[in-house]
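Asks: missing the sequence, but the structure's below:
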């Protein structure tokens, strides 16, 4: 069984621990998490029975085969992954931190750069990842299996693709949350109860996404199926197109991509 050190016990670190152990891929006894915030260490102790929790980076990685790096990007320079770091597989989910930056700070050679998104917390996420040439085929199989426990995963050979994917799947949940929030507000404004509005909007969004996935049809075709000439849907879509909602979403993804590239150059 692979022994993994998780550096950073925040939301995404805890998500990884929960996902890989619930899937039976890694035993809790083979995980060690390093977390420097005392209250968070206490929470981790209570949340994960049998998990080894420490506040020392070197202690966490000692004896590990792989390191899952889930701290804030600004903390990268202060990290130490211990002696023999060049021999360990290092999986970094630091947003905006390039492989070259991670390599310079840690000395690691077998580096995977991954970008999971928020729905990974419930096993419905999407994670894109890439790897250095030093990452072996066995490593890649392991990484794919680990990331699969949090939802879907996609390997890309070109690291620049990570910034593009970040703009879509990484930032994308926020765009969807905004739409959900607006639809709930709109439902309340026309007289629906808040609880009912929330319930119907969430089911409408989830159902529409699942229907799109299962049908295999293009979203434009499904949209046309719902839209009758001169009907209620046509009236609503006309307003959305007049207000350039489609263009706004396209521009939002482009802006997120530009910012991802800027962060990588800082």
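Replies: That came in fine, so what should we check first? None of these values were measured; they are calculated from a predicted model.
Asks: And the helices in the protein?
Replies: 11-22, 38-47, 57-61, 99-106, 137-148, 160-165, 172-189, 194-215, 219-226, 232-242, 245-265 (DSSP state H).
Asks: Now do the buried residues in the fourth one.
Replies: In this case it means helix 99-106. Using 16 or more other CB atoms under 10 Å as the test for burial, helix 99-106 gives 99, 101-103, 105-106. (Each C-beta comes from the backbone N, C-alpha and C, glycine too.)
Asks: can you put the residues you listed in CSV and add distance to residue 93 and pLDDT?
Replies: Formatted as CSV, the buried residues of helix 99-106 follow (distance: CB to CB, whole Å; pLDDT from 0 to 100):
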residue, distance to residue 93, pLDDT
99, 12, 93
101, 13, 89
102, 10, 91
103, 15, 90
105, 15, 87
106, 14, 86
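Asks: The residue at the greatest distance from the centre of the chain: what's it in contact with?
Replies: Going by CA atoms, centre = their mean, the residue of the chain most distant from its centre is residue 230, 40.7 Å out. Not one residue lies near residue 230 by CB atoms under 8 Å, 6 or more residues apart in numbering.
Asks: Can you give me the pLDDT of it?
Replies: What the model reports as pLDDT for residue 230 is 95.
Asks: swap in residue 208?
Replies: pLDDT, residue 208: 98.
Asks: which non-adjacent residue is nearest it?
Replies: residue 222 (8.0 Å; CB to CB, 6 or more residues apart in numbering).
Asks: Which one of the helices of the chain lies nearest to residue 89?
Replies: Shortest distance between residue 89 and the helices of the chain, using CB to CB, is found for helix 137-148: 5.2 Å.
Asks: Can you pull out the residues in contact with the closest one?
Replies: Taking CB under 8 Å, 6+ apart as the rule, helix 137-148 contacts 2, 16, 20, 25-26, 66, 89, 91, 110, 112, 114, 116, 127, 129, 131, 135, 153, 155.
Asks: let's see it at 7 Å
Replies: 2, 20, 25, 89, 91, 110, 112, 114, 127, 129, 131, 153 (CB atoms under 7 Å, 6 or more residues apart in numbering).
Asks: residues touching the fourth one, list them.
Replies: For residue 89, the residues meeting the contact criterion (CB under 7 Å, 6+ apart) are 65-66, 110, 135, 139.
Asks: Relative to residue 33, which of these is nearest.
Replies: residue 66 (13.1 Å).
Asks: That closest one: neighbouring residues, count only.
Replies: Neighbourhood size, residue 66 [other CB atoms under 10 Å]: 21.
Asks: got it, and residue 125?
Replies: 23.
Asks: thinking again about what came up before, okay, the buried residues of helix 99-106 in TSV with distance to residue 183 next?
Replies: Converted to TSV, those look like this (distance: CB to CB, whole Å):
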residue	distance to residue 183
99	39
101	40
102	39
103	44
105	43
106	44
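Asks: between the residues you listed, which is nearest residue 75?
Replies: residue 105 (9.9 Å).
Asks: Check whether that closest one really touches residue 76, as I assumed.
Replies: Yes. Residue 105 lies in contact with residue 76 (CB atoms under 7 Å); the separation is 5.0 Å.
Asks: Give me the pLDDT for residue 5.
Replies: pLDDT, read off for residue 5, is 95.
Asks: separation between it and residue 62?
Replies: Remark: distance between residue 5 and residue 62 (CB to CB, to the nearest Å) = 8 Å.
Asks: between those two, who's got more neighbours?
Replies: Higher neighbour count among residue 5 and residue 62: residue 5, with 27 against 15, using other CB under 10 Å.
Asks: list the contacts for that one?
Replies: Per CB under 7 Å, 6+ apart, neighbours of residue 5: 32, 34, 60-61, 64, 67.
Asks: try it again with 6 Å
Replies: By CB atoms under 6 Å, 6 or more residues apart in numbering, the contact set of residue 5 is 32, 60-61, 64, 67.
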